[in-house]
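>>> build me a model from this:
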Amino acid sequence: MENTYEKYRFSAISIKKKTAVRFRAFSRLVSHSHTRTLEIVMDFFERNDLSPNDDLGIKNNRTNKRINAVIAILKNIEKQQTLPTKVMLDTLFQEMSQVEDQEAEEGFDFGTPEPFSRDRELEHYQNRYEEMRQQLGQYKTRMQDVMERMDYVKGTFGKGHFKLDMGKDEFEKLKKEL
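Predicted coordinates:
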């Protein structure tokens with residue numbers, strides 16, 4: 001196997017031992033060679049148009065331009081989307097309040113309420129009770145039908161589950177009924 005470093009010429013750079021130890025530790029995290037690590041670091045600074053002496057705080061003009069661009073985008077969204085929506089909602093609520101005011105001025109006449117006798121009230125609640133019992137019976141019958149259409153399917157790798165043998169249209173119809 002040919003050594004890949006034979007075709008390169010190496011140069012020595014003198015640096016403090018403490019800095020060299022830090023660089024070696026950093027180099028192990030970033031790349032398999034010190035040369036490649038140094039190339040990656042230099043590429044990063046060149047690609048991002050940065051200098052190690054740059055202050056990356058808010059005082060940086062480039063950062064200020066980016067922040068100003070974000071602010072401009074947010075203001076544009078507010079101006080083009082949020083404010084028109086708010087105006088439409090305000091207009092809608094104003095119209096609704098005007099309609100309610102007109103209805104309040106006109107007033108509603110529900111007529112004189114007809115008093116219920118005790119027998120009539122009892123009859124009303126009995127009828128309603130019977131209607132609700134019939135509805136409950138219909139729901140019970142429908143659910144029994146659904147339960148009869150369910151089959152237990154044993155799972156290959158885990159717990160089993162129930163499968164409902166019903167077409168999609170029929171299932172949608174059942175959902176609407178319930």
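>>> if you average the pLDDT over the helix or strand harbouring Ile77, what comes out?
Here Ile77 sits within helix 61-77, counting by DSSP states H and E. Averaged over helix 61-77, pLDDT sits at 83.
>>> cool, and stretch 162-169?
For stretch 162-169, mean pLDDT is 87.
>>> one more: stretch 90-106?
Computed over stretch 90-106, the mean pLDDT rounds to 77.
>>> before we move on, the earlier item: buried set for the helix holding Ile77?
When burial is assessed from 16 or more other CB atoms under 10 Å, helix 61-77 yields no buried residues. All C-beta spots, glycine's among them, are computed from the backbone N, C-alpha and C.
>>> give me the helices and strands touching the longest helix seen in the chain, please.
In the chain, taking DSSP state H as the definition, the longest helix is helix 118-148. If you count contacts as 3 or more CB pairs under 8 Å, 6 or more residues apart in numbering; DSSP states H and E, helix 118-148 packs onto helix 168-177.
>>> can I get the helix it packs on in PDB? Just the C-alpha atoms.
Presented in PDB, the C-alpha positions along helix 168-177 are these (Å, rounded to 0.1, in the frame of the first residue of the first chain):
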ATOM      1  CA  LYS A 168     -64.700   2.500   3.800                       C
ATOM      2  CA  ASP A 169     -68.000   4.000   2.600                       C
ATOM      3  CA  GLU A 170     -69.900   2.000   5.100                       C
ATOM      4  CA  PHE A 171     -67.600   3.000   7.900                       C
ATOM      5  CA  GLU A 172     -67.900   6.700   6.900                       C
ATOM      6  CA  LYS A 173     -71.700   6.300   6.900                       C
ATOM      7  CA  LEU A 174     -71.500   4.700  10.400                       C
ATOM      8  CA  LYS A 175     -69.400   7.700  11.700                       C
ATOM      9  CA  LYS A 176     -72.000  10.200  10.400                       C
ATOM     10  CA  GLU A 177     -74.800   8.200  12.000                       C
END
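>>> contacts for that helix, please.
142, 146, 164, 166 (CB atoms under 8 Å, 6 or more residues apart in numbering).
>>> between it and helix 118-148, how many degrees?
When axes from the mean of the first three to the mean of the last three CA atoms, to 10 degrees is applied, the directions of helix 168-177 and helix 118-148 differ by 160 degrees.
>>> picking that back up, what's the most distant pair in the contacts of helix 168-177?
Arg142 and Leu164 (13.2 Å; CB to CB).
>>> partner strands of the helix or strand just after the longest helix of the chain, with direction?
Using DSSP H and E, the helix or strand that follows helix 118-148 in sequence is strand 150-153. When pairing is defined by DSSP bridges, strand 150-153 lines up against strand 161-164 (antiparallel).
>>> in CSV: the contacts of helix 168-177, plus neighbour count and distance to Glu46.
Listed next are the contacts of helix 168-177 as CSV, based on neighbours: other CB atoms under 10 Å; distance: CB to CB, whole Å:
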residue, neighbour count, distance to Glu46
Arg142, 13, 72
Val146, 15, 68
Leu164, 12, 63
Met166, 15, 65
